[in-house]
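Chemist: Starting from these lines, generate the structure:
(one chain, ligands or ions: 1)
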Amino acid sequence: MNPEQLQHYRTLLEAQLAGLVSANREHEALLDESRTTEDFTGADRASDLETLEVDSLVTESERRLAFKIRHALERIDLGTYGLCEACGASIATARLDAKPSVSLCLACQEKHEAA
Ligand SMILES: [Zn+2]
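Modeler: You can find the predicted model right below:
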C-alpha cells in the first residue's frame, strides 16, 4: 500500500472515530439519568433491564468499533495496515473502502464467523 493510500485510510478512520466519539457523548448524556448502576439483576426491574440491555449493547458495539479503529490507526503507523492479521494476505481495497477498520481478509473473516 502506498503512502497516499495509507493517508486516505487514516483520514477515513480518524473521521469515523471522531464521529463515534461525539455520538457516544450524546448517548452517554442520555443514559446518565436512567443508568445509575451496572447491576441489572433485580427481577423487579425486568422492563428497565430490557431497555438497558439494548442501550448497553449499542455502547458495547461502539466501544468495540472504537477499539478496532484505534487498532487500525496503529497498524498504519506500524506499516501493517491493509494486511490480514490472520494470514498476512493483502485485504482487498474494496473491503477497506467499505470498512476501513477491518483487520481480516474476507476468507479469514468467514472462517472466524463460522468458528
Ligand atoms: Zn486472511
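
Chemist: Close to the ion: what parts of the chain are there?
Modeler: Selection of the chain residues close to the ion by Cβ under 5 Å from the ion yields 84, 86-87, 89, 105, 108. All C-beta atoms are positioned from the backbone trio N, CA, C, and that covers glycine.

Chemist: Pull out the buried positions in stretch 83-101.
Modeler: Within stretch 83-101, the residues that count as buried by 16 or more other Cβ atoms under 10 Å are 83-84, 91, 96, 100-101.

Chemist: for stretch 67-74, that is, sorry about that
Modeler: Quick answer for stretch 67-74 (16+ other Cβ under 10 Å): 68-69, 72-73.

Chemist: so which of those residues comes closest to Glu26?
Modeler: For the buried residues of stretch 67-74, the residue nearest Glu26 by Cβ to Cβ is Ile69; the value is 18.2 Å.

Chemist: in which helix or strand would I find the closest one?
Modeler: Element membership for Ile69 (DSSP states H and E) is helix 46-78.

Chemist: Over to His8?
Modeler: Using DSSP H and E, His8 falls within helix 3-34.

Chemist: Tell me how far that helix lies from the chain's centre.
Modeler: 10 Å (Cα atoms, centre = their mean, to the nearest Å).

Chemist: list the helices and strands it packs on?
Modeler: With contacts taken as 3 or more Cβ pairs under 8 Å, 6 or more residues apart in numbering; DSSP states H and E, helix 3-34 sits against helix 46-78.
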